[in-house]
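Novice: Predicted model, plus sequence, below.
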Amino acid sequence: MPSSFPENSVGLVTPQCLHFDEPLVLRSGKRIASYDLMVETYGTLNAARSNAILVCHALSGDHHAAGYHKESDSKPGWWDNCIGPGKPIDTRKFFVVCLNNLGGCAGSTGPTSLNPETGTFYGPDFPVVTVRDWVNSQARLMDRLGIVQWAAVIGGSLGGMQVMRWSISYPERLRHAIMIAVAPKLSAQNIAFNEVARQSITADPHFHDGRYLEHGTYPKKGVMLARMVGHITYLSDSAMREKFGKASEELPSEAIKSNFGRDLRSGKLSFGLDVDFQVESYLHYQGERFSERFDANTYLLMTKALDYFDPTVDYDGDLAKAFEHSQCRFLLMSFSSDWRFPPERTREIVNALLKARKPVSYLEIDADQGHDAFLLPVPRYMQALSTYLARVSDEVNR
Amino acid sequence: MRADLDIIQHWIEPGSRVLDLGCGDGSLLEYLKREKGVSELGLEIDERKIHACLEKGVNVIQQDLDKNLANFCDKSFDTVLLTQTLQAVSYPDVLIEEMLRIGHKVIVTFPNFGNWRSRVYLSLKGRMPVSNFMPYQWYDTPNIHFCTVKDFDALCRERQIRVMARTVVDHKHQGSWMIRQWPNLLGETAIYHLSR
């Protein structure tokens, strides 16, 4: 491993593209004849093939969860603080699998792929995929890798919803289900934010009904806006006050000190429509960067997958009934300042598991960072995950 | 193992479902899981203790006993435990009613405030008893609802709670014939096995 990477990093990693020829019938009734899944793995599968962990990504994630693709990468994978040698998902003990979900834009078949039937980009013709479809495709990946049972399936947010679906659809194929910052389904408020995001994309004149690639253009502004509104829901009020209230800390007056994160960008108000506050330029920057790497149609698909997720549809709306056949143990964690999927939403799942008499542990982590906390190295959260997974390792690495 | 817990474990059926309210570091549940194959669940609010439960592989839910237990279904556990915690909750009588709703059987242990040491301390010094066993001052104690064996017996009678067994032990957790004779005077820890 090159010395330029930290010691507890998985170091340089190379994704693989796996092709699947067996058609996948989707929840909507549509089918994908064949597809590619972009996959990254870390660690080594043990002889009993029992130490595999599946990591499911959330809305904007992909297969690149840990390590670096090249020496010059400025940032590691999206969950690098959690995956690596000696980290909570310890790659010395586990074989970790992460994939870009179908409909994604990081190499798996999705709207930016060529449709073999038409020879042009799928674009808006890519079928709506649901969490259930993803989990079905993940099960095929599991078969391909020769894994009979996951030691654990882990995910936060939309990733946690995939974990939930795993425990319901494939009860015998996982030992542990670990869901972080998750809700049993979206609330009207959650769906409302998603709809604003979708409208900002589809209203962009460069959207061309989703056929922007054929027009050689991109709805950049729309994706930016979508990400900006999304980003606000990932942060908490206090996280924003903290983030954008730094300058005022140096000011003497108590009154100015409590300026609610209203740091100015240039030190004075413009009395115009220019960006005045740091929070504005921050959101612009985040939106801009996101729009450079993320496909607009994929964003639409991901938000739809979120909106449609409801594990109770086949069980008369009863979540406890949905879990009836689950065989795994469950660990759930929520964060105190998460207002997107607040602790009480996670507790709905915990309570359904209690009603179904399933083994479950639940922690409510005090954290200021809002929904985003699930991606951050919050000490108690990391420690709990570490401790829990150490026991899982004892079970599977005998 | 704490000796009161040793007495409790004889009342737990192998393979049964056990809920421990205020389960602490999970030692009792770990023991019952290992020795009796119970399906265990603990409730705890202290972060460090929750972590200790995870270390032991004991199922634990972060939940405050002073908020309601409405998320637990009627008769969803064989035994509901409350060891040395009764005196620290806001509404002990409500909690016991809830335990009897959730569990077929209930085990409660608490420090007996009617013990002679407390009586002597209070009567001679005229101040709230402080001992190794109850090391807090009145203003900082988590123990806000002390009771005696007689008090608890009265509550059970009033609420028509069946006392299936009652053991009272001293600080060495031994139950001599003297304690059996004068439990409220000599006993330091009361252990009740209850049902409806």
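Specialist: That came through, no problem.

Novice: ranges for the strands of chain A?
Specialist: All strands of chain A, identified by DSSP state E, fall at A:16-20, A:24-25, A:31-32, A:35-42, A:52-56, A:83-84, A:89-90, A:95-99, A:152-156, A:176-180, A:329-335, A:360-365.

Novice: I meant to write chain B there.
Specialist: Ranges of strands in chain B, per DSSP E, are B:17-21, B:39-44, B:60-62, B:77-83, B:103-111, B:162-169, B:189-195.

Novice: To chain A, which of the ones you listed lies closest?
Specialist: Of all the strands of chain B, it is strand B:60-62 that lies closest to chain A, at 4.6 Å by Cβ to the nearest Cβ. Just so you know, the C-beta spots here come from the backbone N, C-alpha and C atoms, and that holds for glycine as well.

Novice: Just give me how far that closest one sits from the chain centre.
Specialist: 18 Å (Cα atoms, centre = their mean, to the nearest Å).

Novice: can you check stretch A:149-163 too?
Specialist: Worked out by Cα atoms, centre = their mean, stretch A:149-163 lies 10 Å from the chain centre.

Novice: Then stretch A:82-97?
Specialist: 18 Å.

Novice: Flag every buried residue along that stretch.
Specialist: Neighbour-count burial for stretch A:82-97 flags A:82-85, A:87-91, A:93-97 (criterion: 16 or more other Cβ atoms under 10 Å in any protein chain shown).

Novice: cool, and stretch B:148-166?
Specialist: Neighbour-count burial for stretch B:148-166 flags B:148-149, B:151-153, B:156, B:161, B:166 (criterion: 16+ other Cβ under 10 Å).

Novice: ditto for stretch A:167-184
Specialist: For stretch A:167-184, burial by neighbour count (16+ other Cβ under 10 Å) applies to A:167-170, A:173-184.

Novice: next one: stretch B:12-25
Specialist: Going by neighbour count (16+ other Cβ under 10 Å), the buried part of stretch B:12-25 is B:12, B:16-25.

Novice: Same question for stretch A:115-122.
Specialist: For stretch A:115-122, a neighbour-count test (16+ other Cβ under 10 Å) marks A:115, A:121-122 as buried.

Novice: could I get that stretch in PDB with only the CA atoms?
Specialist: The C-alpha trace of stretch A:115-122 is given here as PDB (Å, rounded to 0.1, in the frame of the first residue of the first chain):
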ATOM      1  CA  ASN A 115     -30.500   1.000 -24.200                       C
ATOM      2  CA  PRO A 116     -29.700  -2.100 -26.200                       C
ATOM      3  CA  GLU A 117     -33.100  -2.100 -27.700                       C
ATOM      4  CA  THR A 118     -32.900   1.500 -29.100                       C
ATOM      5  CA  GLY A 119     -29.200   2.100 -29.300                       C
ATOM      6  CA  THR A 120     -29.600   5.400 -27.600                       C
ATOM      7  CA  PHE A 121     -29.400   6.500 -23.900                       C
ATOM      8  CA  TYR A 122     -32.100   5.100 -21.700                       C
END
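
Novice: and of the buried residues of stretch B:148-166, the nearest to chain A?
Specialist: Taking these together and measuring to chain A by Cβ to the nearest Cβ, the closest member is B:Ile161, at 24.4 Å.

Novice: show me the contacts for the closest residue to A:Asp125 other than its chain neighbours.
Specialist: Leaving aside its chain neighbours, A:Asp125 sits nearest to A:Asn115 (6.4 Å; criterion: Cβ to Cβ, 6 or more residues apart in numbering or on different chains). A:Asn115 makes contact with A:121-122, A:125-126, according to Cβ atoms under 8 Å, 6 or more residues apart in numbering or on different chains.

Novice: And A:Phe126, by the same measure?
Specialist: Counted by Cβ under 8 Å, 6+ apart, A:Phe126 has contacts A:103, A:110-111, A:113, A:115, A:297, A:301.

Novice: interface residues of chain B facing chain A?
Specialist: B:17, B:39, B:41, B:47, B:50-51, B:53-55, B:57, B:59-63, B:71-73, B:76 (Cβ under 8 Å from any Cβ of the partner chain).

Novice: Swap in 6 Å and give it another go.
Specialist: Where chain B comes near chain A, counting by Cβ under 6 Å from any Cβ of the partner chain, the residues are B:54-55, B:57, B:59-62, B:71, B:73.

Novice: Just the buried ones among those residues, please.
Specialist: By 16+ other Cβ under 10 Å, these give B:54-55, B:57, B:59-62, B:71 as buried.

Novice: how near is A:Ser9 to A:Lys75?
Specialist: Using Cβ to Cβ, to the nearest Å, A:Ser9 is found at 12 Å from A:Lys75.

Novice: Comparing those two, which shows the higher neighbour count?
Specialist: More crowded of A:Ser9 and A:Lys75, by other Cβ atoms under 10 Å in any protein chain shown: A:Ser9, with 23 against 8.

Novice: where in chain B is pLDDT low?
Specialist: B:1-3, B:171-175 (pLDDT under 70).

Novice: Give me the most central residue, it.
Specialist: Nearest to the geometric centre of chain B sits B:Thr83, at 2.3 Å (Cα atoms, centre = their mean).

Novice: my guess is that residue meets B:Val108, correct?
Specialist: No - the pair B:Thr83 / B:Val108 is not scored as a contact, 7.8 Å apart, by Cβ atoms under 6 Å.

Novice: Give me the contact status of stretch A:311-331 with chain B.
Specialist: No - using Cβ under 6 Å from any Cβ, stretch A:311-331 stays clear of chain B, coming no nearer than 7.5 Å.

Novice: quick one: that stretch to chain centroid distance?
Specialist: Put simply, stretch A:311-331 sits 22 Å off its chain's centre (Cα atoms, centre = their mean).

Novice: Between the two ends of that stretch, how far is it?
Specialist: Stretch A:311-331 has an end-to-end distance of 18 Å (Cα to Cα, to the nearest Å).

Novice: before we move on, what about stretch B:83-91?
Specialist: This stretch, stretch B:83-91, spans 15 Å end to end (Cα to Cα).

Novice: which of the buried residues of stretch B:148-166 are the two that sit furthest away from each other?
Specialist: Maximum pairwise distance among those (Cβ to Cβ): 16.6 Å, between B:Thr148 and B:Ile161.

Novice: Can you list the low-confidence ranges for chain A?
Specialist: Counting by pLDDT under 70, chain A has low-confidence residues at A:1-3, A:248-259.
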